[in-house]
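Q: give the three-dimensional model of this entry:
(one chain, ligands or ions: 1)
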Amino acid sequence: MQAVHTVAELRTALAGQAGTALVPTMGNLHAGHISLVELAKRHGSPVVASIFVNPLQFGPGEDFERYPRTLAADCEKLAGAGCDIVFAPDVAEMYPVPQTFTVQPPDSLANDLCGAFRPGHFSGVATVVLKLFNLVQPRVAVFGKKDFQQLRVIRELVRQFNLPIDIEAGETLREADGLAMSSRNAYLGAPERLQAPMLQRELAAVAAAVRAGERDFEALCDAAGRRLKMAGWRVDYVALRDAETLLAATRASTRLVVLGAAWLGSTRLIDNLDFGLDGPA
Ligand code: PAF
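A: Have a look, this model is predicted:
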């Protein structure tokens, strides 16, 4: 595996390649990321993983500074997974001049769900992802379903800007107790770590009730949020949406997603479960 840190090195490494598969990451890789690399390998070659903690997508007071940076260990994992190229630029390489041109996702996506609690976040994500797409020029790019709203934003970016890139979605990988794998799980203290799977359990309870025929979506989400609060979580939202549009689920929706974001102490966790109303989730 080749590790490159500059745009010039990246362009040289990719010269003449037409079927590149890109896996954008912020590093601190876990098995979930590795499964995205494996998915990428099925869809293109060479496989490029980017590692870049993107300041544009962090708000003031968020965890940009403390976000774990573990490049050497990440490179080992990527090499083991059969990744061909890792692109790990620093901030000055990605943003040699202030990034005053930015991508603004539609309000309905940018200011909803996580966007309502993290102003500017999805603009930061869309802007860096568009830059990565321009730098790598992949034929396919892989994103995890764990960041379900982000996936929706990227699909819309590709659609509205006619980018010739297929977006593949990787399933969320979970720890044995159900907690979705996330780099931010490393922030959890031992008691918080024990409590963390509750978010997933509450989302699963909402999904199960809907699949059993319950149609008061708001009441179900409110009840899940209340139970989380009672257990000491600070809840940003629990919401049930149409999985295709991410708009409010209606009785006509056939594929739904229940999404949640909540804090345990100073750690914000997100999770979601998408499911069909007929057949298995
Ligand atoms: O999902 C992430 O890790 C980031 O949001 C991404 C897509 C790499 C953009 O910085």
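
Q: low-confidence ranges in the stretch 151-281 of the chain?
A: For the stretch 151-281 of the chain, applying pLDDT under 70 flags the ranges 279-281.

Q: pick out the residue in it sitting closest to the ligand.
A: Using Cβ to the nearest ligand atom, the closest approach of the stretch 151-281 of the chain to the ligand is made by residue 154 at 7.5 Å. Where you see a C-beta, it was placed from the backbone N, CA and C, and this is true even at glycine.

Q: against which helices or strands is the helix or strand where that residue lies packed?
A: Assigned by DSSP states H and E, residue 154 falls within helix 148-160. Packing contacts for helix 148-160, counted by 3 or more Cβ pairs under 8 Å, 6 or more residues apart in numbering; DSSP states H and E, involve helix 107-110, helix 113-117, helix 121-136, strand 140-144, strand 166-170, strand 255-264.

Q: what's the most buried one of these?
A: strand 140-144 (a mean of 24; mean count of other Cβ atoms under 10 Å).

Q: need the helices for the stretch 151-281 of the chain, in chain order.
A: Remark: helices assigned in the stretch 151-281 of the chain by DSSP state H, counting those that start in this stretch are 190-195, 197-211, 217-230.

Q: give the buried residues for the shortest one.
A: Looking back up the chat, that one is helix 190-195. By neighbour count on 16 or more other Cβ atoms under 10 Å, the buried set for helix 190-195 is 192, 193, 195.

Q: give me the subset of these touching the ligand.
A: Checked against the ligand using Cβ under 6 Å from any ligand atom, the buried residues of helix 190-195 yield no neighbours at all.

Q: export those as CSV, with columns for distance to residue 144.
A: Shown next, in CSV, are these (distance: Cβ to Cβ, whole Å):
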residue, distance to residue 144
192, 22
193, 21
195, 23
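
Q: and which of the residues you listed is nearest to residue 18?
A: residue 193 (44.3 Å; Cβ to Cβ).

Q: would you mind listing what in the protein touches the ligand?
A: 24, 25, 26, 54, 57, 125, 128, 129, 147, 150.

Q: what's the neighbour count on residue 211?
A: Burial of residue 211 is recorded as 16 neighbouring residues (other Cβ atoms under 10 Å).

Q: next one: the one 5 residues further on
A: The burial count assigned to residue 216 is 11, neighbours taken as other Cβ under 10 Å.

Q: and what of the one 4 residues further on?
A: A total of 21 residues lie near residue 220 under the criterion other Cβ under 10 Å.

Q: hang on, isn't it packed against residue 240?
A: Yes: between residue 220 and residue 240 there is a contact under Cβ atoms under 8 Å: 6.9 Å.
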